[in-house]
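how would this look folded up:
(one chain, ligands or ions: 2)
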Amino acid sequence: MALERTLSIIKPDATRRNLTGKVNAVFENAGLRIVAQKRIQLTEKQAGAFYEVHKERPFFGELVSFMCSAPVVVQVLEGENAVAHHRDVMGATNPAEAAEGTVRKLYAQSIGENSVHGSDSLENAKREISFFFAETEILP
Ligand code: RTP
Ligand code: MG
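Residues are numbered from 1 along each chain as shown. Ligands and ions are numbered 1, 2, ... in the order given. Predicted coordinates for the structure are as follows:
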């Protein structure tokens, strides 16, 4: 296994309910290290660019406006096999299908307002990390 980095976002439904620390505890208990983190307000332009791959999907407009509805916490997580491991810890996109103990099972409210984002491949992780962070802001 390799030491990897992945991009995580704690979404507006979770920041609004003051769950940042609880979500971070799930990540840290799973062995992921938070090596960069900031709380930001996304603009529609930024959210649209970040989720560009989904622009033809029916939920795109709803997703962009949700992601701008309150601050988000963007973070870089580091660990062994971090991309896939983080996806496991997040749980299924739809909280009704998420496994026990996952962030989405514990905290997500719906398929759209599902508390967290995680990169889905190492290649996308690199692109998504550089979308939000300069290399000098990442402190392992
Ligand atoms: P994410 O990218 O946020 O980590 O989530 P994911 O890979 O599990 O899911 P993805 O298919 O990439 O979808 C991105 C986000 O769009 C919202 N969504 N809404 N209303 C819907 O049917 C629907 N489907 C997806 C969710 O916020 C999802 O996380
Ligand atoms: Mg995705």
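
those strands in the chain, which residues are they?
For the chain, the strands defined by DSSP state E occupy 3-10, 33-40, 72-80, 116-118.

can those strands go into CSV with extra columns for mean pLDDT and distance to ligand 1?
Bear in mind the C-beta positions are built from the backbone N, C-alpha and C, glycine included. Written out in CSV, the entries for the strands of the chain read as follows (pLDDT from 0 to 100; distance: least, Cβ to the nearest ligand atom, whole Å):
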stretch, mean pLDDT, distance to ligand 1
strand 3-10, 99, 7
strand 33-40, 98, 16
strand 72-80, 99, 11
strand 116-118, 98, 3
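
mind putting those strands in TSV, mean neighbour count included?
What follows is the strands of the chain, written out as TSV (neighbours: other Cβ atoms under 10 Å):
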stretch	mean neighbour count
strand 3-10	23
strand 33-40	15
strand 72-80	22
strand 116-118	23
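
Distance to residue 105 for these - can I get that in CSV?
As requested, those are arranged in CSV below (distance: least, Cβ to Cβ, whole Å):
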stretch, distance to residue 105
strand 3-10, 16
strand 33-40, 21
strand 72-80, 19
strand 116-118, 11
